[in-house]
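Engineer: sequence-free structure coming up:
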């Protein structure tokens with residue numbers, strides 16, 4: 001009986017890496033179903049993602065891949081392809097991204113398993129209940145921020161979440177929480193970064209008379225809205241658009257951009273490359 005796995009890796013570039021990986025799988029009667037690689041000439045790093053089917057156990061494969069990786073200085077991860085990614089979604093008072101993610105998840109369009117929804121407001125407890133997802137209301141103020149984040153992290157860890165999605169969660173996370181969630185927390189920013197940072201980018205965009213508005217999905221870091229970018233998209237705008245027009249169209253863009261970022265992350269298609277990302281679409 002064979003099982004499907006996804007192997008991701010990065011290492012200093014040199015000749016023979018693809019040959020070594022494909023040969024390793026061939027020797028173990030592994031069948032490559034999908035493969036992609038990228039050589040970053042700027043950093044001298046090589047990146048690769050391989051989906052393959054193999055009869056060996058995950059434990060056995062991990063032990064053997066470790067030997068291969070040591071020869072090339074690889075940073076690597078192995079995932080069972082059929083296992084959905086345990087996910088916690090955080091939201092505040094705007095629910096368009098949350099609603100979109102929940103619908104895509106239940107429709108089988110995202111390889112995630114939504115384990116909990118965390119919010120600093122009660123607005124979406126009924127939406128959570130309609131999808132049979134536990135809803136945790138954790139108010140956050142300047143005085144209770146540390147205690148609130150401790151509760152949030154407790155929920156995230158107890159659910160074994162490998163992904164935390166900030167679906168328009170409008171509280172700035174502390175440096176400590178950002179560090180603990182590094183590489184597994186995705187934020188959607190309602191602007192085409194690096195322009196118009198902060199809480200009201202559509203007002204800023206309208207004031208500047210922009211001809212394009214957009215949205216950016218990025219990994220969360222301690223540097224506000226400056227984490228590695230996963231996906232972006234834009235919409236045309238013109239002089240007749242009001243702030244309300246820009247906001248309405250922006251919400252659609254935000255939902256689509258975030259959904260794509262969550263999809264690619266949950267399928268292990270995103271590899272960190274310093275402050276940038278490699279996305280094997």
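Structural biologist: Now that the structure is in, tell me what you want to look at. Nothing here was measured: the structure is a model prediction, and the numbers come from that model.
Engineer: quick one: residue 177 is in a strand?
Structural biologist: No. With DSSP: H, G, I helix; E, B strand; the rest coil as the criterion, residue 177 is located in helix rather than a strand.
Engineer: Which pLDDT value does the model give it?
Structural biologist: pLDDT for residue 177: 97.
Engineer: Nearest spatial neighbour of residue 241, chain-adjacent residues omitted?
Structural biologist: With CB to CB, 6 or more residues apart in numbering as the criterion, residue 241 has its nearest non-adjacent residue at 7.3 Å, and that residue is residue 206. (C-beta placed from N, C-alpha, C; glycine too.)
Engineer: just checking, next helix/strand downstream of the helix or strand encompassing the one you found?
Structural biologist: Residue 206 is located in helix 201-208, with elements delineated by DSSP states H and E. On the C-terminal side of helix 201-208, the nearest following helix or strand under DSSP H and E is strand 212-219.
Engineer: Report all helices and strands that that following strand contacts.
Structural biologist: Packed against strand 212-219 by the contact rule (3 or more CB pairs under 8 Å, 6 or more residues apart in numbering; DSSP states H and E) you find strand 185-189, strand 229-236, helix 243-266.
Engineer: Make JSON lines from the ones you listed and add mean pLDDT to it.
Structural biologist: Converted to JSON lines, the helices and strands packed on strand 212-219 look like this (pLDDT from 0 to 100):
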{"stretch": "strand 185-189", "mean pLDDT": "95"}
{"stretch": "strand 229-236", "mean pLDDT": "93"}
{"stretch": "helix 243-266", "mean pLDDT": "93"}
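Engineer: Deepest-packed of those, please.
Structural biologist: Among the helices and strands packed on strand 212-219, ranked by average contacts under mean count of other CB atoms under 10 Å, first place goes to strand 185-189 (a mean of 25).
Engineer: Which strands border that strand, and is each parallel or antiparallel?
Structural biologist: Paired neighbours of strand 185-189 in the sheet (DSSP bridges): strand 163-166 (parallel), strand 212-219 (antiparallel).
Engineer: Quick one: closest of the ones you listed to residue 73.
Structural biologist: Across the strands paired with strand 185-189, the minimum distance to residue 73, taken as CB to CB, is reached by strand 212-219, at 23.6 Å.
Engineer: bridging residues for residue 231?
Structural biologist: Here residue 231 sits in beta bridges with residue 217, going by DSSP bridges.
Engineer: In contact with it: list those residues for me.
Structural biologist: Residues in contact with residue 231, defined by CB atoms under 8 Å, 6 or more residues apart in numbering, are 216, 217, 257, 260, 261, 264, 279.
Engineer: and the second one, how many residues sit next to it?
Structural biologist: Neighbour count of residue 217, defined by other CB atoms under 10 Å: 28.
Engineer: Tell me the predicted confidence for it.
Structural biologist: According to the prediction, residue 217 has pLDDT 96.
Engineer: what's the answer for the last one, then?
Structural biologist: Model confidence at residue 279, expressed as pLDDT, equals 98.
Engineer: Give me the phi and psi for the closest residue to it other than its chain neighbours.
Structural biologist: Among residues not flanking residue 279 along the chain, residue 270 sits closest, at 5.4 Å (CB to CB, 6+ apart). Summarising the backbone geometry of residue 270 under the convention degrees, to the nearest 10, its torsions are phi -110, psi 120.
Engineer: and the gap between residue 270 and residue 213?
Structural biologist: Look at residue 270 and residue 213: by CB to CB, to the nearest Å, they are 24 Å apart.
Engineer: so where do the strands sit in the stretch 1-150 of the chain?
Structural biologist: For the stretch 1-150 of the chain, the strands defined by DSSP state E, counting those that start in this stretch occupy 3-12, 31-40, 45-54, 75-80, 85-91, 112-119, 135-137.
Engineer: Share the number of residues neighbouring residue 42, please.
Structural biologist: Using other CB under 10 Å as the criterion, residue 42 is surrounded by 9 other residues.
Engineer: ok so, going back, for burial, what's the neighbour tally of the residue nearest to residue 241?
Structural biologist: Residues near residue 206, counting by other CB under 10 Å: 19.
Engineer: quick one: contacts for it?
Structural biologist: If a contact means CB under 8 Å, 6+ apart, then residue 206 has 241, 242, 243, 246 as its contacts.
Engineer: which residue sits closest to the third one in space, ignoring its chain neighbours?
Structural biologist: Read that as residue 243. Leaving aside its sequence neighbours, residue 243 sits nearest to residue 206 (CB to CB, 6+ apart; 4.8 Å).
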